[in-house]
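Visitor: what's the 3D shape of this:
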Amino acid sequence: MNIFKRIFKIGEAQANKAVDNLEDPITMTEQGIRDMKADLNKSVEAMAQVKALAIRSKNERDEHESKAKDYESKAMLILKKAHSGDMAVEEADRLAKEALAKKEEAQQHANRAAADTEKFEKNVSQLKDTIETIKGNITNWENELKTLKARVKVSDATKNVNKQMAELDSAGTVSMLERMKEKVAQEEALAEAYGDLANTSKSVDDEIDAAADMSESKLDDDLAKLKEQLGIKKDEA
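Guide: All right, here's what the predicted structure looks like:
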């Protein structure tokens, strides 16, 4: 029962610690509720048995009380017969005493049965209160189990996220990024070096072809400048 007290104090700060200390709080709680339902069934069965005893005792009480009254009525009837002369007084007294003795014996049985009835009915009342308490506890625990399941899910999700965050190596990540930047810079420099080598490996014909690949207007301007340097006039051309 102590374990349930630890589990179901959901609103308290120690609840999370209690859940962490349990290997499987959900399974253990569900098993505890099943055990309580089994106890409830046993209590209901016990109450039914005690109630049956109470009913039987009550019936015995009523039966013996009826016998006691009957013997008392018979003793009175015998005495009346003796008084009226229908029976000898001595015989009437003897039979009346026997009837009164039977009455006393029946009354004792009735008293005992009444005491048993009172005791059994008290037990039934106590068992009924216990059953109602168990029912209420089971209902509360089932409701709190739903809350506990939700809390466990949230707790697990939060724990996993926090664990992942805690396992992140920020220093290692920065170092990796720096190495990648350095590698990219090296690759860029290597590409530029290959470009320079490609340019220096061009032949003279390639250079002439590249130089010749100019627009017509640019060639005309260059030709005019060349003639001007040679002193050749446009008309002479």
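Visitor: now the longest helix anywhere in the chain: how far from the chain's centre is it?
Guide: Ranked by residue count under DSSP state H, the longest helix found in the chain is helix 89-167. Between the mean C-alpha point of helix 89-167 and the mean C-alpha point of its chain there is a distance of 28 Å (C-alpha atoms, centre = their mean, to the nearest Å).
Visitor: list the contacts for the spatially most central residue of the chain?
Guide: When the chain is reduced to its mean C-alpha position, the nearest residue by C-alpha atoms, centre = their mean turns out to be K149, at 2.9 Å. For K149, the residues meeting the contact criterion (C-beta atoms under 8 Å, 6 or more residues apart in numbering) are I26. C-betas here are computed from N, CA, C, even on glycine.
Visitor: could you report the pLDDT at it?
Guide: Here, the pLDDT recorded for K149 equals 83.
Visitor: and V124, by the same measure?
Guide: At V124, the model reports a pLDDT of 93.
Visitor: state the number of residues packed around it.
Guide: Applying other C-beta atoms under 10 Å, we find 20 residues neighbouring V124.
Visitor: now swap in N160 and tell me
Guide: For N160, the number of neighbouring residues by other C-beta under 10 Å comes to 10.
Visitor: which other helices and strands does the strand or helix carrying R34 contact?
Guide: Counting by DSSP states H and E, the element that carries R34 is helix 25-84. Using 3 or more C-beta pairs under 8 Å, 6 or more residues apart in numbering; DSSP states H and E as the contact definition, the elements that helix 25-84 packs against are helix 2-8, helix 89-167.
Visitor: among these, which comes closest to E30?
Guide: Smallest distance to E30 across the helices and strands packed on helix 25-84 (C-beta to C-beta): 6.9 Å, for helix 89-167.
Visitor: break this structure down into its domains, please.
Guide: 2-168, 171-200, 204-231 (automatic domain parsing).
Visitor: mind checking what secondary structure I232 has?
Guide: coil (DSSP: H, G, I helix; E, B strand; the rest coil).
Visitor: how many residues are close by it?
Guide: 11.
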